[in-house]
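In: here are the coordinates; sequence isn't available:
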Ligand SMILES: O=P(O)(O)OC[C@H]1O[C@H](O[C@H]2O[C@H](CO)[C@@H](O)[C@H](O)[C@H]2O)[C@H](O)[C@@H](O)[C@@H]1O
């Protein structure tokens with residue numbers, strides 16, 4: 001099921017959203033939260049090298065405590081196994097490859113977006129990208145099970161267009177794949193009607209969380225998180241991390257990773273007291 005009012009999504013100015021930090025009671029309306037969190041830019045700051053985006057022990061402890069009082073899921077563009085390895089907590093749910101690959105406690109593992117058929121195209125695209133981008137300084141081709149991220153954060157400005165052209169050239173050869181923009185990255189993703197929002201909707205149904213006493217909260221910083229903000233409008237709350245010029249389907253904001261952690265700590269205390 002998708003958001004029934006998906007054609008009528010409200011967009012807000014990303015710069016003037018109210019802060020979620022001291023509004024926990026207003027957000028929850030007496031309900032218990034189910035918390036969905038993006039990884040990069042939300043739980044860990046954006047850094048030059050994706051491998052350096054490690055979770056701090058303090059943030060891990062925050063997540064551990066939160067997961068003791070309510071359901072918590074990390075919904076990431078990263079490979080599911082990669083983000084599981086970064087978070088290292090076994091009482092959380094994980095949706096990797098932008099929601100195509102989902103795992104959770106009790107050996108839960110499922111791929112509800114139906115992306116398996118895209119694997120040969122992803123394998124071929126990976127080979128083609130590596131060939132076309134040989135010699136381009138700073139470029140990083142990151143393969144995930146159900147996506148390829150072509151990172152250009154560390155590419156000299158004059159070579160960025162070459163990287164983008166190569167990614168689009170490869171995309172024209174593989175109709176099973178589509179482009180997905182992100183932070184200094186262009187991703188090649190399965191050309192399917194599935195995204196983080198649908199993964200969140202799937203988890204809510206699977207975990208029997210579509211209940212009047214549960215309120216889903218989704219916290220994220222990136223374009224791909226907009227699908228989840230939109231999906232939850234009317235039934236949950238989107239919280240955007242950071243400064244954004246673009247309009248957003250989120251209804252609240254948090255400044256940065258530190259504020260995300262402060263919010264999650266306060267949320268845990270609030271839920272414990274209720
Ligand atoms: O959905 P997310 O959990 O936010 O993942 C989105 C992408 O995050 C990573 O790339 C981004 O973060 C890197 C580390 O800070 C940064 O170097 C890069 O420029 C960003 O695009 C990750 O590497 C990708 O696979 C994710 O899709």
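Out: All right, it came through fine. None of these values were measured; they are calculated from a predicted model.
In: measure whatever residue of the stretch 51-200 of the chain ends up closest to the ligand to residue 188 for me?
Out: Residue nearest to the ligand within the stretch 51-200 of the chain: residue 77 (2.4 Å; C-beta to the nearest ligand atom). Glycine gets a C-beta too; all of them are placed from N, C-alpha and C. Per C-beta to C-beta, to the nearest Å, residue 77 is found 12 Å from residue 188.
In: for residue 143, give the beta-bridge partners.
Out: Using DSSP bridges, the bridge partners assigned to residue 143 are residue 148.
In: run a quick neighbour tally on it.
Out: Residue 143: 16 surrounding residues under other C-beta atoms under 10 Å.
In: follow-up on the earlier one: the residue of the stretch 51-200 of the chain closest to the ligand: which element?
Out: Following DSSP states H and E, there is no helix or strand that holds residue 77.
In: spatially nearest residue to it (excluding sequence neighbours)?
Out: Closest residue to residue 77 apart from its sequence neighbours, by C-beta to C-beta, 6 or more residues apart in numbering: residue 98 at 5.0 Å.
In: phi, psi for the one you found please.
Out: Per-residue torsions, residue 98: phi 60, psi 30 (degrees, to the nearest 10).
In: that one: how many residues sit nearby?
Out: By the criterion of other C-beta under 10 Å, residue 98 has 27 neighbours.
In: what residues are up against it?
Out: Counting by C-beta atoms under 8 Å, 6 or more residues apart in numbering, residue 98 touches 76, 77, 146, 147, 180, 187, 189, 194, 195, 196, 199, 224.
In: just the ones of those in strands?
Out: Among the contacts of residue 98, the members falling in strands (DSSP state E) are 147, 180, 187, 189.
In: isn't the first one right next to residue 186, touching?
Out: Right, residue 147. No: if you go by C-beta atoms under 8 Å, residue 147 and residue 186 don't touch, sitting 10.8 Å apart.
In: show the backbone phi and psi for the closest residue to residue 154 other than its chain neighbours.
Out: Nearest non-adjacent residue to residue 154, counting by C-beta to C-beta, 6+ apart: residue 138, 3.4 Å away. Dihedral angles of residue 138 (phi, psi; degrees, to the nearest 10) stand at phi 90, psi -10.
In: ok, now residue 94?
Out: Dihedral angles phi and psi of residue 94 (degrees, to the nearest 10) take the values phi -130, psi 130.
In: looks like it contacts residue 100 (just checking).
Out: No: counting by C-beta under 8 Å, residue 100 is not a contact partner of residue 94; they are 11.8 Å apart.
In: those residues of the protein touching the ligand, which are they?
Out: 38-41, 46-50, 53, 76-78, 142, 144, 149, 151, 153, 182-185, 222, 224 (C-beta under 6 Å from any ligand atom).
In: mind listing the shared neighbours of residue 147 and residue 186?
Out: By C-beta under 8 Å, 6+ apart, the residues touching both residue 147 and residue 186 are residue 180.
In: more neighbours, those two?
Out: residue 147 (24 against 20).
In: contacts only, for that one.
Out: Contact partners of residue 147, counting by C-beta under 8 Å, 6+ apart, are 77, 97, 98, 100, 122, 180, 187, 188, 189, 190.
In: assign residue 64 to helix, strand or coil.
Out: helix (DSSP: H, G, I helix; E, B strand; the rest coil).
In: run a quick neighbour tally on the residue of the stretch 51-200 of the chain closest to the ligand.
Out: 27.
In: how near is it to residue 148?
Out: From residue 77 to residue 148 the distance is 11 Å (C-beta to C-beta).
In: between those two, which contacts overlap?
Out: residue 187.
In: residues in contact with residue 17?
Out: For residue 17, the contacting residues are 240, 248, 250, 251, 252, 253, by C-beta under 8 Å, 6+ apart.
In: about what we covered before: by neighbour count, which of the ones in strands among the contacts of residue 98 wins?
Out: Tallying neighbours with other C-beta under 10 Å puts residue 189 at the head of the ones in strands among the contacts of residue 98, with 27 neighbours.
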